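Visitor: Turn this into a structure:
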Amino acid sequence: MSLKCIIIDDEPLAVNVIKNFLGQVRDLELLKTFNNAIDSLEFLQTNAVDLLFLDINMPILDGFSFLNSLPFKPPVIITTAHEEYAVQSYEMEVLDYLVKPIPFPRFLKAVNKALRNKSTSASGTGMIETDHLFVKIDKKKMKKINLQDILVVESLKDYIKIITCTSKYIVHQTLSSFTESLPPERFLRIHRSYTIFDQ
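Guide: Predicted coordinates for the structure are as follows:
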C-alpha cells in the first residue's frame, strides 16, 4: 500500500525537507509540489491524493481558507512554523500538526498515523489493519518492522529498544511517542518503561 502525497508550501527550504523525509519512507509517493494553494486546486480535482502536506501562511489563499474551499478533503498534515494554529487545525479534523523545523521522528509518527488511517478506510471495518511501521535505526537507514513481530518495547530515556522475534533495534524516540503510534487494541503500556504486544 502506497500513499500518494502532495506538498503545498511557499517556502522552498521547507518543501525540500519534506521531500527528503518522504524519500526515506518506501510507502510514500510524492506526486507533486506547489508553492501556493490555488495552483493545486485543479490537480486535486483530477488526481487521487491520499495525503496532503499543507502550510498555513501562504500568499493569495491561506491553508485554512483552502481547506474550507475543498468539497472533498484528503487526509491533511499541517506543516507550519506557528504553534498557535494547532487548536483551529484539529477543529478542522486534520490528521496531524507538525511545527517547523520538523524533526524526522515526529514526521515519521505523523505518516505512520496516515498509513494506519489509509488501512482503516480501505478495510471499512473501523479497525486498524496496518501490519507494519517504519523506524529510523541509524542516521540514514529506515527499517520496516512487522507489528506482529514486536514482543516488547523498552524505554532507554531518549531512546527505545524494540525487541522482535528475531532482532533488537535501538531507536531515538521516547516510549510515549512510539506507543502512541501503535494500534491501541494490539499494544499495552504495562509500565513507564515497557510496552508489550497484547494479543
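
Visitor: which residues touch the least confident helix or strand in the chain by mean pLDDT?
Guide: Within the chain, no helix or strand scores below helix 104-123, which has a mean of 77 by mean pLDDT, DSSP states H and E. Applying CB atoms under 8 Å, 6 or more residues apart in numbering, the external contacts of helix 104-123 come out as 1, 3, 18, 21, 24-25, 27-28, 50-51, 75, 77, 95-96, 98, 126-130, 133-136, 172-173, 177, 180-181, 183. The C-beta positions use only the backbone N, C-alpha and C, and glycine is treated the same way.

Visitor: From K32, how far out is the residue in the chain sticking out farthest from the centre?
Guide: If you look at how far each residue of the chain sits from its centre, by CA atoms, centre = their mean, the farthest one is I60, at 27.1 Å. Going from I60 to K32 by CB to CB, to the nearest Å gives 18 Å.

Visitor: now do Q45
Guide: Distance from Q45 to K32, counting by CB to CB: 13 Å.

Visitor: if you count what's nearby, which of these two comes out ahead?
Guide: Each of Q45 and K32 has its neighbours counted (other CB atoms under 10 Å); K32 has more, 14 against 10.

Visitor: element containing that one, please.
Guide: In this structure, K32 is located in strand 28-34 according to DSSP states H and E.

Visitor: Next SSE downstream of the least confident helix or strand of the chain?
Guide: Per DSSP H and E, the first helix or strand lying C-terminal to helix 104-123 is strand 132-136.

Visitor: the helices in the protein, which residues?
Guide: Counting by DSSP state H, the chain has helices at residues 12-23, 37-46, 63-69, 86-91, 104-123, 175-180.

Visitor: Helix 104-123 and the first one, what's the angle between them?
Guide: Translated: helix 12-23. Interaxial angle of helix 12-23 relative to helix 104-123 (axes from the mean of the first three to the mean of the last three CA atoms, to 10 degrees): 60 degrees.

Visitor: I'd like to know which elements helix 12-23 is packed against.
Guide: strand 3-8, strand 28-34, helix 104-123 (3 or more CB pairs under 8 Å, 6 or more residues apart in numbering; DSSP states H and E).

Visitor: Show me what counts as buried in the last one.
Guide: When neighbours are counted by 16 or more other CB atoms under 10 Å, the buried residues of helix 104-123 are found to be 104-105, 107-120.

Visitor: and if you look at the first one?
Guide: When neighbours are counted by 16+ other CB under 10 Å, the buried residues of strand 3-8 are found to be 3, 5-8.

Visitor: ok, the strand holding K32: who's next to it in the sheet?
Guide: strand 3-8 (parallel) (DSSP bridges).

Visitor: quick one: contacts of the strand holding K32?
Guide: 2-9, 15, 19, 22-23, 40, 43, 47, 49, 51, 111.
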